[in-house]
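**Student:** Based on what follows, work out the 3D shape:
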Amino acid sequence: MIVNYTALGWEVITQRAHGLLAAQIAAQWKHSIRTERWIETLLAIAEHDDAQVELERGNLLTAQGGPVDFKMKAFEQRHCSQTMDFALSKSRYIALLCSMHLGFVYGKECADNPDAAKFIKEQHAFQKQWRKELNLSVSEAKRDYRLLEWCDALSLLLCQHDNQPEARSVEISNGPEDKKYQLIQTGPDILTVEPWPFEQDQFELSFEVRLIPQLEFKSTEQFRSAFRQARVTEKRWILKTGKPPKK
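**Tutor:** Predicted structure coming up:
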């Protein structure tokens, strides 16, 4: 889960809600990026974190009793294996993109974590096998994965409140064309991306947020109860092309 500390308490966004937001972003990309596997691409983007079902996990709290943010977690064999089982049950192409994403997320841990190193090595072998079976080149697979990674990055920026005030830009990631993009807030609840990569000149994004006023929990079960009872609201952003006028 994605956890933000606010004046009103903990703001929690589930990993699945974050994935859904990433798919909303991908659906707006210029249509020229679409391949014959476009539906599978959208599903991979939407569901790349579907194995992270918050209330099914046991380690939901920090030592101080607050909810654990996703950035605090390291490689988990169970989560990674479930991710691949879920993906492969849909298609090898979805499994390929999800496998590449796990390598991106946990690849840095391989030097210090033998389990992570073994898992990532196995995934590289699977990726090679799936590319051959799907008749996909390495460059084509990388292009499609870069869209997933870019939409994932922008979704995380929005979920974590990382967009900057006063029209200051923040780097998103490299998109499928392997060039850099900047996120800029141009007004209240209004954002733009430079260069503009989307088909439409304006559209809206939204994701669900849970607000939990209680700051400290004595047990995971107590947090689960607060999570289930939390008020759910929608955060909405308008994305539109163009920079704000210079002052």
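
**Student:** which stretches of this structure have low pLDDT?
**Tutor:** Scanning the chain with the threshold set as pLDDT under 70 gives 51-53, 57, 243-247.

**Student:** which residue is nearest the middle of it?
**Tutor:** Here the mean C-alpha position of the chain is nearest to the C-alpha of D152 (Cα atoms, centre = their mean), at a distance of 3.5 Å.

**Student:** measure it to K108 for me?
**Tutor:** Using Cβ to Cβ, to the nearest Å, we find D152 at a distance of 16 Å from K108. Bear in mind the C-beta positions are built from the backbone N, C-alpha and C, glycine included.

**Student:** now swap in D189 and tell me
**Tutor:** 34 Å.

**Student:** again, but for Q229
**Tutor:** For Q229, the distance to K108 - Cβ to Cβ - is 37 Å.

**Student:** Where do the strands of this protein begin and end?
**Tutor:** 2-6, 9-13, 169-174, 180-187, 190-194, 202-212, 231-240 (DSSP state E).

**Student:** Ok, which of those strands comes nearest D69?
**Tutor:** Taking Cβ to Cβ, strand 2-6 is the member of the strands of the chain nearest to D69, at 4.1 Å.

**Student:** Report the angle between that closest one and strand 9-13.
**Tutor:** Going by axes from the mean of the first three to the mean of the last three Cα atoms, to 10 degrees, strand 2-6 is angled at 160 degrees with respect to strand 9-13.

**Student:** who does strand 2-6 pair up with?
**Tutor:** strand 9-13 (antiparallel) (DSSP bridges).

**Student:** Pull the distance from the strand it pairs with to the chain's centre.
**Tutor:** Offset of strand 9-13 from its chain centre (Cα atoms, centre = their mean, to the nearest Å): 17 Å.

**Student:** next one: stretch 201-221
**Tutor:** Averaging C-alpha positions (Cα atoms, centre = their mean) puts stretch 201-221 15 Å from its chain's average.

**Student:** in it, what's buried?
**Tutor:** Buried residues in stretch 201-221, counted by 16 or more other Cβ atoms under 10 Å: 205, 207, 209-210, 212, 217, 220.

**Student:** what do you get for stretch 75-84?
**Tutor:** Buried residues in stretch 75-84 (16+ other Cβ under 10 Å): 75-76, 79-80, 82-84.

**Student:** repeat for stretch 127-138
**Tutor:** For stretch 127-138, burial by neighbour count (16+ other Cβ under 10 Å) applies to 127, 130-131, 136.

**Student:** which residues sit against that stretch?
**Tutor:** For stretch 127-138, contacts defined as Cβ atoms under 8 Å, 6 or more residues apart in numbering pick out 92-93, 95-96, 99-100, 141.
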